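Participant: Here is my input, please return the structure:
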Amino acid sequence: MNDLNGKQRRVLKAMAQNIDPIVNIGKNGITENLIQQADEALEAREIVKFHILNNCELDSKAAAIELAEILGADYVSSIGRKFVLYRPSDNELIKLP
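Facilitator: Below you'll find the predicted structure:
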């Protein structure tokens, strides 16, 4: 984690508005399988939107922070049952200010 500043967070939030959630968190919560799927998605895309399904008891911000710690990613934002994480990959697809 490299703690984003306000300007970087705003840029990432704006980018996240146009993407769909690609990782769903179901009733089992944060599992090894989910962690692996999220890790692969972050490596490929750098910014990933997650969706907590209705049958899951997790709070979106708490789940986001826990998952960010596990994956070494940065928490960008959460709205409702969705949240966004960012982690730069070796390819540096996203150039932040």
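Participant: Now do the helices in the chain.
Facilitator: 6-16, 32-45, 60-71 (DSSP state H).
Participant: Just name the most buried of those helices.
Facilitator: Mean neighbour count (mean count of other Cβ atoms under 10 Å) peaks for helix 60-71 among the helices of the chain, with a mean of 17. Using the backbone N, CA and C atoms, a C-beta is placed for each residue, glycine as well.
Participant: how far off helix 32-45 does that one point, in degrees?
Facilitator: 80 degrees (axes from the mean of the first three to the mean of the last three Cα atoms, to 10 degrees).
Participant: how far away is the residue nearest to the spatial centre of the chain from Leu71?
Facilitator: Geometric centre of the chain, nearest residue: Leu85, 2.3 Å, by Cα atoms, centre = their mean. To Leu71, Leu85 is 7 Å away according to Cβ to Cβ, to the nearest Å.
Participant: what sits in contact with each of those two?
Facilitator: Shared contacts of Leu85 and Leu71, defined by Cβ atoms under 8 Å, 6 or more residues apart in numbering, are found at 38, 42.
Participant: what helices or strands is the helix or strand bottoming out on mean pLDDT in the chain leaning on?
Facilitator: One helix or strand of the chain scores below all others by mean pLDDT, DSSP states H and E: helix 6-16, with a mean of 92. Counting by 3 or more Cβ pairs under 8 Å, 6 or more residues apart in numbering; DSSP states H and E, the packing neighbours recorded for helix 6-16 are strand 47-52, strand 74-79, strand 82-86.
Participant: out of these, nearest to Glu66?
Facilitator: Nearest to Glu66 among the helices and strands packed on helix 6-16 is strand 74-79; the distance by Cβ to Cβ comes to 9.8 Å.
Participant: mean confidence for the closest one?
Facilitator: Averaging pLDDT along strand 74-79 yields 94.
Participant: counting contacts, what elements does that strand pack onto?
Facilitator: Using 3+ Cβ pairs under 8 Å, 6+ apart, the elements in contact with strand 74-79 are helix 6-16, helix 60-71, strand 82-86.
Participant: Cool, thanks, talk later.
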